[in-house]
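Undergrad: Give me the fold of what follows.
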Amino acid sequence: MKLALKIDVDTYRGTREGVPRLVEILKKHQAGATFLFSLGTDHTGRAIKRVFRPGFMKKVSRTSVLEHYGLKTLMYGTLLPGPNIGKRCAQIMQTVRDDGFEVGIHCYDHIRWQDYVSKKDAAWTAREMKLACDRFVKIFGEPAKVHGAAGWQMNVHALRLEQRLEFDYCSDTRGTHPFIPMWNAEIVACPQLPTTLPTLDELIGVGDITPGNVAQHLLGLTGTPPPSGHVYTLHAELEGMKLANVFDELLTGWKAQGYELVSLKDYFASLKGDELPRHEVVMGEIPGRSGVLAFQSDEFLA
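TA: Next up, the predicted model:
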């Protein structure tokens, strides 16, 4: 049974400090993974506008944003100019690829995509995607084959672009199993490999869940493997830094449960003989996270 590790890299600090630490942990466990990079300017400080979003302040207070991201990162794009991640960290990204890990696109500007894409038009979406795709080619010398949207935020134009740009598969949604996405009954011929498990920042601080017991809580959710396995999303800023020990514990536990820890590429390869079901992509809320996200609908569409 396969469990795919999808690593979202949101910030300059996460790329410089979190990514190398994650590579070290993954090598220790001989685990595969997919690193999805933010490739443009780090404007994390502009997330302050989310203070008016229902549930945002509660999430911030639970997950110690200052502790995990650092004061400097939280000023990028406001009091401090944001560093260009793709330009400054190209060598780190190339090293990840050279170490045998799959690499792909998370976004160009994380805050811009996460906060605005759901209501933007085709032209805006195409510009953002082109910036990310062009920078990826400059860094890696070839087009990206996988995309995973920042904050699980999407629109129909982005889904269509993923098909047009010939991504092999994408992981932009939350759900229960791989599927062919549809938007208002329009089929998009680019498979979705949705995140199937809650993330650490959605769990820590809820009820009696702490950094000390969150790994055991997650392992309790994976004790009985589903037919199509799991996709777990982690963050370079969390599991690659303050919560690195939690990630190490998770990998140990998942291997003990019999999972093969793989990249999205290897996970998808195991599905190629299967005819994936069609599901609508809908927007909805999830416990522990503010705002709405792109979801795999529960209803199977023949």
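Undergrad: What ranges in the stretch 51-200 of the chain fall below the confidence cut-off?
TA: Scanning the stretch 51-200 of the chain for pLDDT under 70 picks out the ranges 51-72, 75-76, 79.
Undergrad: Strands of that one, start to end?
TA: Taking DSSP state E, counting those that start in this stretch as the test, the strands found in the stretch 51-200 of the chain are 102-107, 146-147, 169-170, 180-183, 186-187.
Undergrad: The second one - contacts with which helices or strands?
TA: Helices and strands in packing contact with strand 146-147 are listed as strand 34-38, strand 102-107, strand 169-170; criterion 3 or more Cβ pairs under 8 Å, 6 or more residues apart in numbering; DSSP states H and E. For every residue, glycine as well, the C-beta is placed using N, CA and C.
Undergrad: name the helices or strands packed onto the second one?
TA: Read that as strand 102-107. Against strand 102-107 (3+ Cβ pairs under 8 Å, 6+ apart) you get strand 34-38, helix 90-98, helix 122-140, strand 146-147, helix 264-269.
Undergrad: go with 10 Å
TA: Helices and strands touching strand 102-107, by 3 or more Cβ pairs under 10 Å, 6 or more residues apart in numbering; DSSP states H and E, are strand 2-9, strand 34-38, helix 90-98, helix 110-116, helix 122-140, strand 146-147, strand 169-170, helix 264-269.
Undergrad: so which of those comes closest to Ile204?
TA: Distance to Ile204, taken as Cβ to Cβ, is lowest for strand 2-9 among the helices and strands packed on strand 102-107, at 16.6 Å.
Undergrad: hmm, back to that, of the helices and strands packed on strand 146-147, which is nearest Pro211?
TA: Closest approach to Pro211 among the helices and strands packed on strand 146-147 (Cβ to Cβ): strand 34-38, 23.1 Å.
Undergrad: rewinding a little: of the helices and strands packed on strand 146-147, which stretch is the most buried?
TA: Greatest average neighbour count among the helices and strands packed on strand 146-147 goes to strand 34-38 (a mean of 28), per mean count of other Cβ atoms under 10 Å.
Undergrad: so what strands line up beside that one?
TA: Using DSSP bridges, strand 34-38 pairs in its sheet with strand 2-9 (parallel), strand 102-107 (parallel).
Undergrad: Pipe those strands into TSV and attach distance to Tyr116 per row.
TA: Below are the strands paired with strand 34-38 laid out as TSV (distance: least, Cβ to Cβ, whole Å):
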stretch	distance to Tyr116
strand 2-9	18
strand 102-107	11
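Undergrad: Identify, out of the helices and strands packed on strand 102-107, the most deeply packed stretch.
TA: Greatest average neighbour count among those goes to strand 34-38 (a mean of 28), per mean count of other Cβ under 10 Å.
Undergrad: and that one, how far from the chain's centre?
TA: How far strand 34-38 lies from its chain's middle: 8 Å, per Cα atoms, centre = their mean, to the nearest Å.
Undergrad: Out of the strands of the stretch 51-200 of the chain, which is closest to Leu131?
TA: Closest approach to Leu131 among the strands of the stretch 51-200 of the chain (Cβ to Cβ): strand 102-107, 9.2 Å.
Undergrad: The closest one to helix 90-98, inter-axis angle?
TA: Angle of strand 102-107 versus helix 90-98, following axes from the mean of the first three to the mean of the last three Cα atoms, to 10 degrees, is 140 degrees.
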